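Novice: Make a model of this:
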Amino acid sequence: QVQLVESGGGLVQVGGSLRLSCAASGRTFGRYAMGWFRQAPGKEREFVAAINWSGGRTDYADSVKERFTISGDNAKNTVYLQMNSLKPEDTAVYSCAADRQLTTNPRLIAYWGQGTQVIVSS
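Specialist: As a prediction, the model looks like this:
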């Protein structure tokens, strides 16, 4: 089992920044790919960003490229999502995810965090 705990959400104005953190515990952290998904009210959960721990490969949704950066700290078993130039459409519940392989499909994710709310006000 892998346990994921997110933090860092909150209210921010348009153009502002937030950094989300996801602390992982349980099975060997380095064997899993980690990622972030989000779900806005009335919408389906969507992929945001992911990092393949073994190779350092990252992947981003087109809507967040050049604005969001995913990174990780193996020593702390923590993955981060730095979000810059935030827009109202970034408002959502952001959830940390872990799985054996890098994937953009939320239906394939094995482990989820509880989610953290991000609200971008205009």
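Novice: strands paired with the strand or helix carrying Val48, and their directions?
Specialist: Here Val48 sits within strand 46-52, counting by DSSP states H and E. Partner strands for strand 46-52, per DSSP bridges, with pairing direction: strand 33-39 (antiparallel), strand 57-60 (antiparallel).
Novice: Same list, those strands, but as JSON lines with mean pLDDT, mean neighbour count and distance to Ser122 please.
Specialist: From N, CA and C alone the C-beta is placed, and that goes for glycine too. Shown next, in JSON lines, are the strands paired with strand 46-52 (pLDDT from 0 to 100; neighbours: other CB atoms under 10 Å; distance: least, CB to CB, whole Å):
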{"stretch": "strand 33-39", "mean pLDDT": "95", "mean neighbour count": "24", "distance to Ser122": "18"}
{"stretch": "strand 57-60", "mean pLDDT": "93", "mean neighbour count": "15", "distance to Ser122": "23"}
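Novice: right, so of the ones you listed, which gets closest to Ser121?
Specialist: Of all the strands paired with strand 46-52, it is strand 33-39 that lies closest to Ser121, at 16.7 Å by CB to CB.
Novice: which residues touch that closest one?
Specialist: Residues outside strand 33-39 that contact it (CB atoms under 8 Å, 6 or more residues apart in numbering) are 20, 22, 24, 45-53, 59, 70, 72, 79, 81, 90, 92-103, 106, 109, 115, 118.
Novice: Just the buried residues out of the residues you listed, in ChimeraX syntax.
Specialist: In ChimeraX, this line selects whichever of the contacts of strand 33-39 come out buried by 16 or more other CB atoms under 10 Å:
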select :20,22,24,45,47,48,49,50,51,53,59,70,72,79,81,90,92,93,94,95,96,97,98,99,102,103,106,109,115,118
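Novice: Next one: the residue most central in space within the chain relative to Lys43, how far apart?
Specialist: The C-alpha lying nearest the average C-alpha coordinate of the chain belongs to Trp36 (CA atoms, centre = their mean; 2.2 Å). Using CB to CB, to the nearest Å, Trp36 is found at 16 Å from Lys43.
Novice: hmm, back to that, got CSV for the strands paired with strand 46-52, with distance to Ser85 too?
Specialist: Putting the strands paired with strand 46-52 into CSV (distance: least, CB to CB, whole Å) gives the following:
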stretch, distance to Ser85
strand 33-39, 16
strand 57-60, 14
